[in-house]
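A.B. asks: Generate a structure from the sequence data that follows.
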Amino acid sequence: MQQIVGRTARTRALAAVAAVVVVAVAHAEVREVATPGELASAIGSAQPGDEIVIADGEWLDAGVEIGCSGTAEAPIVIRPRTPGGLILTGASWVRIVGAHVVLSGVHMRGGARAVADD
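C.D. replies: Alright, predicted model coming up:
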């Protein structure tokens, strides 16, 4: 009998955790941006599960710092409208300091490449 009660309590606890994760993801937003300034603003207010969609184009000498953090269950996704649709050129740079962030579909051309030490 005690074993059945223990299983029931664990099942309820797991269901509660799953409900919290579903609610957190349900509040995720898709934010569309077109300029480096709009991207910085969207990054500044991004919450776990959000997706930031960047208008296709080419940005010259743009600096992008990504300081927001998602969670393992609800990462923040940053991507152009179409894969490869955003091209960073010249002295452009990207620095990711947040956790659980996915940056995809961005191409970089020209400039120097550096890798930060952890």
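
A.B. asks: what's the residue closest to the geometric middle of the protein?
C.D. replies: To find the centre residue of the chain, average its C-alpha atoms and take the closest one (Cα atoms, centre = their mean): that gives residue 76, at 2.1 Å.

A.B. asks: residues in contact with that one?
C.D. replies: Shown in contact with residue 76 (Cβ atoms under 8 Å, 6 or more residues apart in numbering): 46-52, 68-70, 98, 100-102. All C-beta atoms are positioned from the backbone trio N, CA, C, and that covers glycine.

A.B. asks: Tell me what it is bridged to.
C.D. replies: When assigned by DSSP bridges, residue 76 has beta-bridge partners residue 101.

A.B. asks: can you tell me how far it sits from residue 68?
C.D. replies: Residue 76 sits at a distance of 5 Å from residue 68 (criterion: Cβ to Cβ, to the nearest Å).
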